[in-house]
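Asks: my questions are about this predicted structure, shown below with the sequence.
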Amino acid sequence: MPLNIPILLTWLRVALIPLVVGVFYLPDTWMTMQAKNLTAAVFFIVAAATDWLDGFLARRWNQTSSFGAFLDPVADKLMVTAALLSLLALDRVNDLIALVIIGREITISALREWMAQIGASRSVAVNFLGKLKTTVQMVAIPLLLFHDRLLGVDATVLGTWLIYVAAVLTLWSMIYYMKLAWPQIRERSGLAARAPAQK
């Protein structure tokens, strides 16, 4: 496993995940709910910043690696899933929205793994739509974690609207990736169906 600053930043993102969730389990005598909200939002923002920074530094310093390419999206998905589960427990996000976002991540991860096995991973590489979906999620989630007014704006209301936008982009991007992969899926399923008849 290579060790460099971009990969260490990715590991930092993984390490911040239990802090985002765990702060809400601290006794109220230690921290007020408002302080917990702020702390969780800050932890998530720092984690989200490492997502951009590790990729930027890896490209800038030519420190990209296959392990880093594997770990980075895993860290992202763990971070988003953990935050959404916390928001579900706090009743700040609709369960259907959380299911759509988490279900899409599982589906596309499995699709990419299968496409990589057959040597067609470039067909479902991350594109602008996927990046836009991630960006909207990374803005919506800390607003929902913060759960207070921010610069005169109700962060919860804004975060709720953005998470709905993120859910739409999530479905859109999933359909887009499935459409790209469909020729391979159809071809492989056709080969599997014909195989028994040739025996």
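Replies: The structure has been received and is ready for your questions.
Asks: and the longest helix anywhere in the chain, what other elements does it pack with?
Replies: Under DSSP state H, the helix in the chain containing the largest number of residues is helix 155-198. Packing contacts for helix 155-198, counted by 3 or more C-beta pairs under 8 Å, 6 or more residues apart in numbering; DSSP states H and E, involve helix 95-117, helix 128-146. Backbone N, C-alpha and C define where each C-beta goes, glycine included.
Asks: now the shortest one: buried residues?
Replies: Meaning helix 128-146. Buried residues in helix 128-146, counted by 16 or more other C-beta atoms under 10 Å: 129-130, 133-134, 136-146.
Asks: also the longest one?
Replies: The neighbour-count check on helix 95-117 (16+ other C-beta under 10 Å) flags Ile97, Ala98, Val100, Ile101, Ile102, Arg104, Glu105, Ile108, Leu111, Arg112, Trp114, Met115 as buried.
Asks: relative to Leu84, which of the residues you listed is nearest.
Replies: Distances from Leu84 to those, taken as C-beta to C-beta, are shortest for Ala98 (4.6 Å).
Asks: how much space between that closest one and Ala83?
Replies: Ala98 sits at a distance of 10 Å from Ala83 (criterion: C-beta to C-beta, to the nearest Å).
Asks: how about Leu162?
Replies: Distance of Leu162 to Ala83, computed by C-beta to C-beta: 13 Å.
Asks: thinking again about what came up before, could you single out the nearest of the buried residues of helix 95-117 to Arg60?
Replies: Using C-beta to C-beta, Arg112 comes nearest to Arg60 of those, at 25.1 Å.
Asks: so for stretch 23-30, mean pLDDT?
Replies: Mean pLDDT, stretch 23-30: 92.
Asks: got the contact list for the residue nearest the centre of the chain?
Replies: Computing the C-alpha centroid of the chain and ranking residues by C-alpha atoms, centre = their mean puts Lys77 first, at 3.5 Å. Neighbouring residues of Lys77 by C-beta atoms under 8 Å, 6 or more residues apart in numbering: Glu105, Ser109.
Asks: ok, now Leu9?
Replies: Thr50, Leu53, Asp54, Leu57.
Asks: equivalent analysis for Pro183, please.
Replies: Contacts of Pro183 (C-beta under 8 Å, 6+ apart): none.
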